[in-house]
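Asker: Have a look at this prediction, sequence included:
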Amino acid sequence: MTNKRYFFVVDFETGGLDPQKHDPVQIAVQVLDPKTLKPVSSFVSYMKASPERVSPEALAIHGISLDTLAEAPEPEVVFEAMVEFLRPYQQGLFVAHNAKFDYDFMVAWAAKCAFEGFRLNQVFDYRLICTAQLAFEKWVLHDQTMQRVKLEDITKALKITHAKAHDALSDVEATGEVLRRALRKSFTFRLIRGLRQSVQLRRLSAVLDSLRSVY
């Protein structure tokens, strides 16, 4: 069955690993077309964070300074802007590299910043797609061409442009390309199967529908 939901590729840069103890400091979301998986639009923003909820270890990883965070918009403002940005695309599929980590931060952020009456499933489909898991299944277990599925390792192995690791926008762009590579086989298989069945039935309109479903 053809997917009709947009893909929302999400990445948080955070003040640490625990969404109950640490604040998100940067959010990026890239919207992908449900049929072609090509980028449609992107959202990115820093957000203000409490210094006591940002660890020095996290700052060393993503390189975002406390001065930058002090001048950033309030988390509530960024949250509302993200919701308005995604609203036209309705309930998208939540995609991230190590999806549970980002989704847990999304849940905690929404609990703190969401306006009255808002529910997270108004924006995000309840299903999560983890590109780390897809990469493990495809390139570690099946193809046996990789041993590690850190985003930087995958982009290096597949020669995917990844301008700046641990920058939210750069990471979602790289994650979106990993998703496209991981699903490419299934898209091709669906196209070939649809064409074969349509040709066997001598239905030209079905052949055209099969092409449109992918392109």
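Answerer: Received the coordinates, thanks.

Asker: Please report the distance of residue 6 from residue 17.
Answerer: Applying CB to CB, to the nearest Å, the value for residue 6 to residue 17 is 29 Å. C-betas here are computed from N, CA, C, even on glycine.

Asker: ugh, wrong one, I meant residue 93
Answerer: Applying CB to CB, the value for residue 93 to residue 17 is 24 Å.

Asker: Any regions of this protein where pLDDT drops low?
Answerer: Residue ranges of the chain with pLDDT under 70: 1-2, 185-215.

Asker: Show me where it has its strands.
Answerer: 7-14, 24-32, 39-46, 92-96, 124-130 (DSSP state E).

Asker: Return the most buried member of these.
Answerer: Compared across these, strand 7-14 shows the largest average neighbour count, a mean of 26 (mean count of other CB atoms under 10 Å).

Asker: what pairs with it, and is each one parallel or antiparallel?
Answerer: strand 24-32 (antiparallel), strand 92-96 (parallel) (DSSP bridges).

Asker: Pull the distance from the longest one to the chain's centre.
Answerer: Looking back up the chat, that one is strand 24-32. Remark: strand 24-32 is offset 8 Å from the chain centroid, using CA atoms, centre = their mean, to the nearest Å.

Asker: one step back: out of the strands of the chain, flag the one nearest residue 174.
Answerer: Proximity to residue 174 (CB to CB) singles out strand 7-14 among the strands of the chain, at 9.1 Å.
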